[in-house]
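Participant: Model the structure of this input:
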Amino acid sequence: MLGSENAPTSLLYITVKNKLLSWTENESTETNLVKHLIKTVGTEIDIRNRQQLFILHDKIYNPFCKNVTQISSGSLAEGLDLPGSDLDMMYVDDVLNVRRIERIIKHPVQRTECVMEIDTDHPGFTRLRMTAGGKRQHFFVSQESIIKTQTGVYLSATNFLNRMSQIYQAEIHGPCLSNKENTCDIAYCLRSKDLPYNAMPWILRYRRQWPPDVVIDRIINFGCLLVPIGPIIMANCNLLWRISFFVAEKQLVHSFNFTQLLCNGLLKLTLKRIVNTNDDVQDLLCSYYLKTALFWVSEEVDIDTFQLPKLFICFSLCMNKLISWVNNCYCPNYFIPEHNMFSGKINHNNNYSLLSVLKSIKYSGISGLMQNLFHYYTCKISCYPPYSETSEQSSLRLDFLFYKININGYDNSKILSINHKELSFIESVQNSESSTFNIDVCKYHHATISQYVSQLLPSPKRMNINNKNNIHTCYHRHLKNGIQKDAVTGWLFYASFYYVTEQYSVTLKLTEYVLSKCLPDMMLINKFDYTEADIDNYRHNVHYLMTLNAKMKTVVEDQVRYIQHSSIIPQELETEVEDSEFMISPYTMCHCLRFLCYHHMCDSYNRQQALCDLRSGQYLYRSVASNTFSLVGVCCEISGDKDPAFHCYEKALQCDICICTSAEKRKSRLLTI
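Facilitator: Below you'll find the model as predicted:
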């Protein structure tokens, strides 16, 4: 808790980082702005925990990812988990080098090289002229992305983005690709290890105490990103790439003190709950403009201005900056002030209405701002909420943020030796962590990779008698580690292993245990969004003092993910993993294994019962519906029920997403019999 509800009304306190800040009763309005904001945005510990979660996520993902670097982006990665916040990711091509100046190349290079040619009319954009073709293969950049002109060979931003859209069958949203639900934006981009020439003045620009020198050094060392989109005002712009300073901006936000973080949250809430609710000005502003205003103000004023009792003053300084920009129709990029970010969006034809809205916010004062932002706000001090969420609420929000960001999964095509190195790396990261939550995050990732490793080992049925014991020991080690992932998937892989080794009685016992855990209120990890019902079920089934690992092993389930050519998938389902991985719900896989066991045990009664349970469609998730229909079809076919099997394969092929790759094969085979 950052404060006490039992504090006397004449003097209220907030403790932040061991500093005692106080307000008198006359300043209670400012106090309550902070109280409401902390309840919405979180405490400083909450925000730092979110930032650290994303840092850890990237840290674990990147070391063994070939030719690409993942960078978590968006407001979530900056620590703000506001209602409606989307999951944003950036993937950077590590094969292509972008330089500020062309270098003389005497020997063949491994990586393709480009040089930035800043567009003088659009200083926030650059052309990328190819200066050398490397030997290493590209995934991001193809031959279609290369355009020859009279002045040289260039990379086309438009062609680059179109190719990525075709590969992932995703919709283009600005420079990003979006999923069908529009809850996740992914940007595929390039990196320059140098800042562009027109950003160099930023390094030596006069500033007061912020940002710290160490942050400036990190920004210089990283350079910048290039994202595939040109200026809004240029239709069919093919060659211009936008210069992105997102990594630098994330470094800046991470260097914010708590008041700056709260001010950032207050600006975002103001945009969402006030500005964008006005139809006349909706979508003229974006949160990036507001964050830019905060950067400029933070640089220009003494850092002591950013203290909790002065939060509304800081907010007002940012609003004044924004009003000035809108009035002049000019928003200077923080790193390249010559780049007007309002260009093509805010002009003298539409700025008047926006100025009216912004000025009304400014002149309504703190009370007016709070009434618009927090609809439950009243003038009675006794009705104010506590300074922060409860420990339970903070814990829940962090848990669900973790469950949400694991949507991307792993590249499970890595060879066994790389996976072993990755397991060792995660163990070292886990040993270096002091936070129990982060340690459990490491355990989850370690368990996930262990499940993959157990499927890369030699088939337990085809191993040489001389190394059988060693291989079995490896299987048990990784299968045991895989149990740490969630409540059921690890046990199902164990059941698959025993099925493949023809220990059907053990398989049945394990499936009985898993079915006892597969209850309707189990929570599925890796969803794009969670409903209030999901959160309530979770809250009622766990205690906030439980560790993340204990919660996951109690009430969380994932899809069962068999990798391509899995060594422990039942022989009857090997067709399903010939061309790709195969995902299925734990409930469905349980009944499938039971059906197969009873089939081999010649127990026709229980086999038929398992098939009935399998066909019931209970817990049918849309993302694996096609795989489910195909799996039911396989079991019907084994039973000799060819017509139902055929109809199942047809249903599998008619699903709208994630079509099972084996359904067409199995349907064709049935027709030839």
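Participant: mind checking the SS state of Ile568?
Facilitator: coil (DSSP: H, G, I helix; E, B strand; the rest coil).
Participant: remind me, longest strand of this structure?
Facilitator: Longest strand in the chain, counting residues (DSSP state E): strand 122-132.
Participant: avg pLDDT for that one?
Facilitator: Per-residue pLDDT values over strand 122-132 give a mean of 90.
Participant: Stretch 499-507 too?
Facilitator: Stretch 499-507 comes out at a mean pLDDT of 95.
Participant: Same question for stretch 265-280.
Facilitator: 93.
Participant: do stretch 329-337 as well
Facilitator: 97.
Participant: one step back: if you count contacts, what does the longest strand of the chain end up packed against?
Facilitator: strand 113-119, strand 152-155, strand 241-244 (3 or more C-beta pairs under 8 Å, 6 or more residues apart in numbering; DSSP states H and E). In short, each C-beta sits where N, CA and C put it, glycine included.
Participant: highest average neighbour count across these?
Facilitator: strand 241-244 (a mean of 24; mean count of other C-beta atoms under 10 Å).
Participant: other SSEs contacting the following helix or strand past that strand?
Facilitator: Sequence-wise, the next helix or strand downstream of strand 241-244 (DSSP states H and E) is helix 246-254. Counting contacts by 3+ C-beta pairs under 8 Å, 6+ apart, helix 246-254 packs against strand 68-73, helix 213-222, strand 224-227, helix 287-300.
Participant: thinking again about what came up before, what's the angle between the longest strand of the chain and strand 113-119?
Facilitator: With axes from the mean of the first three to the mean of the last three C-alpha atoms, to 10 degrees applied, the angle from strand 122-132 to strand 113-119 works out at 150 degrees.
Participant: buried set for strand 122-132?
Facilitator: Of the residues in strand 122-132, His122, Pro123, Gly124, Phe125, Thr126, Arg127, Leu128, Arg129, Met130, Thr131 count as buried by neighbour count, 16 or more other C-beta atoms under 10 Å.
Participant: do the same with stretch 481-489
Facilitator: Those would be Asn481, Gly482, Ile483, Gln484, Lys485, Asp486, Ala487, Val488, Thr489, for stretch 481-489 by 16+ other C-beta under 10 Å.
Participant: ok, now stretch 330-345?
Facilitator: Buried-residue list, stretch 330-345, by 16+ other C-beta under 10 Å: 331-337, 339-343, 345.
Participant: Which of the residues you listed fall in strands?
Facilitator: Per DSSP E, these never map to strands.
Participant: Report the two of those residues separated the most.
Facilitator: Farthest-apart pair in those is Phe335 and Lys345; separation 19.0 Å (C-beta to C-beta).
Participant: on that earlier part again, and the longest strand of the chain, how far out from the chain middle?
Facilitator: 29 Å (C-alpha atoms, centre = their mean, to the nearest Å).
Participant: Export only the CA atoms of it, formatted as CSV.
Facilitator: Taking Å, rounded to 0.1, in the frame of the first residue of the first chain, the C-alpha atoms of strand 122-132 are listed here in CSV:
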residue,chain,number,x,y,z
HIS,A,122,10.5,14.2,-45.4
PRO,A,123,13.2,14.1,-42.7
GLY,A,124,11.6,11.3,-40.7
PHE,A,125,12.0,8.9,-43.7
THR,A,126,14.8,7.3,-45.6
ARG,A,127,15.5,5.3,-48.7
LEU,A,128,17.6,2.2,-48.3
ARG,A,129,20.1,1.8,-51.1
MET,A,130,21.7,-1.6,-51.4
THR,A,131,25.5,-1.5,-51.5
ALA,A,132,26.4,-5.1,-51.1
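Participant: buried set for the helix or strand following that strand?
Facilitator: Next along the chain after strand 122-132, taking DSSP H and E as the criterion, comes strand 146-149. For strand 146-149, a neighbour-count test (16+ other C-beta under 10 Å) marks Ile146 as buried.
Participant: Give me the contact list for strand 146-149.
Facilitator: Applying C-beta atoms under 8 Å, 6 or more residues apart in numbering, the external contacts of strand 146-149 come out as Met130, Val153, Tyr154, Leu155, Ser156, Asn159, Asn238, Leu239.
Participant: Let me have the residues you listed in TSV, extended by distance to Ser324.
Facilitator: TSV is the format used below for these (distance: C-beta to C-beta, whole Å):
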residue	distance to Ser324
Met130	41
Val153	43
Tyr154	37
Leu155	37
Ser156	37
Asn159	39
Asn238	35
Leu239	34
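Participant: Now the two most distant members of those.
Facilitator: Among these, Met130 and Asn238 lie farthest apart (C-beta to C-beta), at 14.8 Å.
Participant: tell me what the top helix by length along the chain is packed against?
Facilitator: Determined from DSSP state H, the single longest helix within the chain is helix 436-456. Identification of packing neighbours for helix 436-456 by 3+ C-beta pairs under 8 Å, 6+ apart yields helix 44-61, helix 416-432, helix 468-482, helix 489-500, helix 548-555.
Participant: Please identify the deepest-packed of those helices.
Facilitator: helix 489-500 (a mean of 24).
Participant: Okay, buried residues for the next helix or strand along the chain from that helix please.
Facilitator: Counting by DSSP H and E, the next helix or strand C-terminal to helix 489-500 is helix 504-517. Using 16+ other C-beta under 10 Å as the test for burial, helix 504-517 gives Tyr504, Val506, Thr507, Leu508, Leu510, Thr511, Val514, Leu515, Lys517.
Participant: Quick check, the first one in contact with His599.
Facilitator: No: in this structure, Tyr504 is not within contact of His599 by C-beta atoms under 8 Å, at 9.5 Å.
Participant: follow-up on the earlier one: let me have the helices and strands packed on helix 246-254 in CSV, adding mean pLDDT and mean neighbour count as columns.
Facilitator: Listed next are these as CSV, based on pLDDT from 0 to 100; neighbours: other C-beta atoms under 10 Å:
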stretch, mean pLDDT, mean neighbour count
strand 68-73, 90, 19
helix 213-222, 96, 14
strand 224-227, 95, 25
helix 287-300, 96, 21
